[in-house]
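Student: My questions are about this predicted structure, shown below with the sequence.
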Amino acid sequence: MASDVTLELLDREEVMTVECEQDLTMDQLLVTMADICHISPVARGLFAFKQAGRWLPPSHTVSAETGALQLRLRYKMPDWRSRDRASNLKNVDPKAFQYFYSQVRKDFDCG
């Protein structure tokens with residue numbers, strides 16, 4: 001049986017509603033959402049879903065009670081601010097960096 005999941009992607013103004021199978025895990029949903037946002041598999045592991053102020057584990061499954069989810073950058077790479085480093089997120093995945101910028105901007109705008 002399928003259930004609808006509401007997703008807030010921080011690089012977009014609109015909220016998405018996605019129909020998901022009930023046995024779908026957050027990790028599987030993350031792969032789908034990362035593809036929609038053009039985030040590469042290399043940077044995808046830095047992202048996770050947040051719901052009502054708490055991070056959801058990758059093994060958490062979608063259910064009828066699953067509320068609104070936010071796709072957020074959860075982990076920052078070491079020395080991510082250094083422009084010269086190969087680990088700079090902008091060098092690794094420009095789309096992931098742009099998404100992170102949108103996340104920080106939205107957090108700033110919302111206070």
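Tutor: Now that the structure is in, tell me what you want to look at. Bear in mind the structure is a predicted one, so any value in this text is a computation, not a measurement.
Student: Can I get the lengthiest strand in the chain in CSV? Just the C-alpha atoms.
Tutor: With secondary structure taken from DSSP state E, the chain has its longest strand at strand 2-9. As requested, the backbone C-alpha atoms of strand 2-9 are provided in CSV (Å, rounded to 0.1, in the frame of the first residue of the first chain):
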residue,chain,number,x,y,z
ALA,A,2,1.3,3.4,-0.9
SER,A,3,1.3,6.6,1.2
ASP,A,4,1.9,10.2,0.4
VAL,A,5,5.0,11.9,1.8
THR,A,6,5.3,15.7,1.9
LEU,A,7,8.9,16.8,1.1
GLU,A,8,10.4,20.3,1.6
LEU,A,9,13.4,20.6,-0.7
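Student: Partner strands of that strand and their direction?
Tutor: Using DSSP bridges, the strands paired with strand 2-9 in its sheet are strand 16-21 (antiparallel), strand 69-73 (parallel).
Student: rank these by pLDDT, which is bottom?
Tutor: Looking over these, mean pLDDT reaches its minimum on strand 16-21, with a mean of 84.
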